[in-house]
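Visitor: got a predicted structure here, sequence first:
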Amino acid sequence: MHFPSKEQIAALQRQCPRGTKVELLGMDDPQAPPTGTTGEVMGVDDAGQLLVRWETGSSLSLIPGVDSFRIVQKGGKA
């Protein structure tokens, strides 16, 4: 498995800060919430995954570049 650099993690944290709202467009995982489900980014882990709390109550992470999603509303400080 390829782990992102510290710079790549920092860029992802700027792109999707805590509180960002995302919508799931597609995920190849049997535990995935339904397409169209929205969630809130809780953070970015050391592997570059977005830690998401989904409106369904699950907390399955998104993998940028693998899973398909869109930012609905950017979080963090304005």
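Guide: That came through, no problem.
Visitor: only C-alpha atoms for contact and neighbour calcs from this point on.
Guide: Fine.
Visitor: isn't there a strand covering residue 14?
Guide: No - according to DSSP: H, G, I helix; E, B strand; the rest coil, residue 14 belongs to no strand; its state is helix.
Visitor: so which residue is dead centre in this protein?
Guide: With distances taken as CA atoms, centre = their mean, the residue of the chain nearest its centroid is residue 50 (3.3 Å).
Visitor: that residue is in contact with residue 65, isn't it?
Guide: No - using CA atoms under 8 Å, residue 50 is not in contact with residue 65; the gap is 11.3 Å.
Visitor: before we move on, the earlier item: got the contact list for the residue nearest to the centre of the chain?
Guide: 41-44, 61-64 (CA atoms under 8 Å, 6 or more residues apart in numbering).
Visitor: any chance of those in TSV, plus neighbour count and pLDDT?
Guide: Output for those, formatted as TSV (neighbours: other CA atoms under 10 Å; pLDDT from 0 to 100):
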residue	neighbour count	pLDDT
41	25	97
42	19	97
43	19	96
44	20	96
61	20	96
62	22	97
63	15	94
64	12	93
